[in-house]
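S.K.: sequence plus predicted model, see below.
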Amino acid sequence: TKSGNRVATASICGPSCNLTFGSIGNFVFSDTNANGVQDFGENGISGVTVQLLNNLNVVIATTTTDGSGNYLFSNLGAGTYTVNFSSPSGYNFSPQGNGTAGTDSNPNAGGTTTAIILIAGENNLTVDAGLYQFGTISDFVWNDTNANGVQDFGEPGIANVSVTLTGTDAFGNSVNLISITNSNGQYLFSNLLPGTYIVTVLAPAGYYYSPQGNGNTATDSNVNSGGISGAIALSSGENNATIDVGLFQYGSIGDFVWNDINAN
């Protein structure tokens, strides 16, 4: 057995055998939408440790993915193998078996494939692994003192505002979470799967929603007059800290008109 940066060889055949050797390999990719399918533009992940196990569940070769996310075990005799992938810190394995051979993700949630039966001379280059990361949606609810829908200098956050996150994650699960703004007006939804989400803010009594979409991405207010944002598409590992909400209050002008009998 020989292990290297990209290629590892492992034979189940002794020196007296006369076999045509094959190979097992392919690609570890960043599954940005966590759907378990290699979609266009999803990049490889380098430096992932990959092990080849024989039919006795013994590790017979180890390699790591190259700069493009590819790996290969070559010079393999006919036999039954499994491949085990080690996820880098912060990554999780995508759903197993979606898509078609060559575009799906083959390991289970623990990183191990089902048995791979290799015939003499076969090059099985369809054993791929998708990895995704959790993300976050967050930012700021503020007192928009001039009601222009822009976070101007000195406008403070509003504490104890209820913020709800709804939507559907990449696995088809419905999401319904609540966060309460802290003393600085900040809120956070963490450990989110890739998916499509909506933020809804409940304005405290006496407050109204600022105009939506003024300013730039970092300084605007993102909810409409009902307190609801547009759809937020969250990718693997994305930390979207731009979903802000401006709130304002109405004021009044008035007082007293009187008969100034001494005209002073």
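M.R.: Nice, I can see it.
S.K.: how many other residues sit next to the nearest residue to residue 20 once chain neighbours are set aside?
M.R.: In this structure, residue 20 finds its nearest non-sequential neighbour in residue 121, 3.7 Å apart by Cβ to Cβ, 6 or more residues apart in numbering. From N, CA and C alone the C-beta is placed, and that goes for glycine too. Neighbour count for residue 121, taken as other Cβ atoms under 10 Å: 13.
S.K.: hang on, residue 121 packs against residue 21?
M.R.: Yes - when contacts are counted by Cβ atoms under 8 Å, residue 121 is listed as touching residue 21 (7.1 Å).
S.K.: from residue 37, how far out is the residue nearest the centre of the chain?
M.R.: Nearest to the mean C-alpha position of the chain, counting by Cα atoms, centre = their mean, stands residue 236 at 2.0 Å. To residue 37, residue 236 is 13 Å away according to Cβ to Cβ, to the nearest Å.
S.K.: any weak-confidence spans in this protein?
M.R.: The chain contains residues with pLDDT under 70 at 1-19.
S.K.: residue 196 is in what secondary structure piece?
M.R.: strand 195-202 (DSSP states H and E).
S.K.: packing partners for the helix or strand following that strand?
M.R.: Moving toward the C-terminus from strand 195-202, the next helix or strand (DSSP H and E) is strand 208-209. On a contact count with 3 or more Cβ pairs under 8 Å, 6 or more residues apart in numbering; DSSP states H and E, strand 208-209 meets strand 245-248.
S.K.: packing partners of the strand it packs on?
M.R.: Going by 3+ Cβ pairs under 8 Å, 6+ apart, strand 245-248 lies up against strand 135-143, strand 195-202, strand 208-209.
S.K.: how far off centre is the strand holding residue 196?
M.R.: Relative to its chain's centre, strand 195-202 lies at 16 Å (Cα atoms, centre = their mean, to the nearest Å).
S.K.: what is the neighbour count of residue 40?
M.R.: Residue 40 has 4 nearby residues by other Cβ under 10 Å.
S.K.: who's in contact with it?
M.R.: Under the criterion of Cβ atoms under 8 Å, 6 or more residues apart in numbering, residue 40 has no contact partners.
S.K.: also residue 71?
M.R.: So residue 71 contacts 6, 25-28, 48, 50, 63-65 (Cβ under 8 Å, 6+ apart).
S.K.: 6 Å - rerun?
M.R.: Going by Cβ atoms under 6 Å, 6 or more residues apart in numbering, residue 71 touches 25, 50, 63, 65.
S.K.: any idea which of those is closest to residue 83?
M.R.: residue 50 (6.3 Å; Cβ to Cβ).
S.K.: so which strand or helix has that closest one?
M.R.: Assigned by DSSP H and E, residue 50 falls within strand 49-53.
S.K.: same check, this time on residue 252
M.R.: Remark: residue 252 resides in no helix or strand, with elements defined by DSSP H and E.
S.K.: what's the answer for residue 160, then?
M.R.: Applying DSSP H and E, one finds residue 160 in no helix or strand.
S.K.: wait, doesn't residue 31 sit right on residue 92?
M.R.: No - using Cβ atoms under 6 Å, residue 31 is not in contact with residue 92, being 9.4 Å away.
S.K.: find residues that contact each of these two.
M.R.: With Cβ under 6 Å, 6+ apart, residue 31 and residue 92 have common neighbours residue 132.
S.K.: quick one, helices of the stretch 151-264 of the chain?
M.R.: Shown for the stretch 151-264 of the chain, no helices are assigned by DSSP state H, counting those that start in this stretch.
S.K.: which residues in it form strands?
M.R.: Remark: strands assigned in the stretch 151-264 of the chain by DSSP state E, counting those that start in this stretch are 162-169, 174-180, 186-192, 195-202, 208-209, 232-234, 239-240, 245-248.
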